[in-house]
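Q: Please work out how this folds:
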Amino acid sequence: MRSLLKVVFVVLLFSNSSFAEQNSVASISLDEATKQIIEGTYNKVLEAHAETIDGKTVYVIKVLTPDGRIHYYKIDAETGQLVS
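A: Numbering: from 1, shown residues only. Model (predicted):
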């Protein structure tokens, strides 16, 4: 439950940041992208924010894996698909 509260806090924190000022319209929200990454895993979300890469809005989600490593996921805001 504490992990879920932390995720909600991080998402709310970043939802009011520069992403809200961007002109592009996203098909999925930062919250939905974050949930997509942690569903069915034991990853802990450390940070989540939006960036513009090559003219597209991409959500960057930083997680701590169960074995203690840090991993970054990039999600296309329009399609909801992982970006390589």
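Q: Where does pLDDT dip in this protein?
A: When residues are selected by pLDDT under 70, those of the chain lie in 1-26.
Q: I figured I61 hits T41, correct?
A: No. The pair I61 / T41 is not scored as a contact, 11.6 Å apart, by C-beta atoms under 8 Å. Backbone N, C-alpha and C define where each C-beta goes, glycine included.
Q: And those two? Which one has more around it.
A: Using other C-beta atoms under 10 Å, the more surrounded residue of I61 and T41 is I61, with 24 against 10.
Q: For the more buried one, name its beta-bridge partners.
A: Note on I61: beta-bridge partners by DSSP bridges are A48, Y73.
Q: and the gap between it and S29?
A: Per C-beta to C-beta, to the nearest Å, I61 is found 12 Å from S29.
Q: which residues of the protein fall in strands?
A: 44-53, 56-64, 70-76 (DSSP state E).
Q: Y42 reaches P66, doesn't it?
A: Yes. The pair Y42 / P66 is scored as a contact, 4.5 Å apart, by C-beta under 8 Å.
Q: Just the buried positions in stretch 35-44, please.
A: Q36, I37, I38, N43 (16 or more other C-beta atoms under 10 Å).
Q: Please apply the same query to stretch 75-83.
A: I75, D76, A77.
Q: Tell me the one of those nearest D54?
A: D76 (10.7 Å; C-beta to C-beta).
Q: Quick check: the nearest residue to V63 once chain neighbours are set aside vs E78, distance?
A: Counting by C-beta to C-beta, 6 or more residues apart in numbering, N43 is the residue found nearest to V63 once chain neighbours are left out, at 4.1 Å. With distances taken as C-beta to C-beta, N43 is found 24 Å from E78.
Q: what do you get for T34?
A: 16 Å.
Q: now swap in D67 and tell me
A: D67 is 32 Å from E78, by C-beta to C-beta.
Q: Tell me which residues touch the residue nearest to V63, please.
A: Counting by C-beta atoms under 8 Å, 6 or more residues apart in numbering, N43 makes contact with I37, V63, L64, T65, P66, H71.
Q: on that earlier part again, export the strands of the chain to a markdown table and tack on distance to S84?
A: Formatted as a markdown table, the strands of the chain follow (distance: least, C-beta to C-beta, whole Å):
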| stretch | distance to S84 |
| --- | --- |
| strand 44-53 | 11 |
| strand 56-64 | 11 |
| strand 70-76 | 8 |
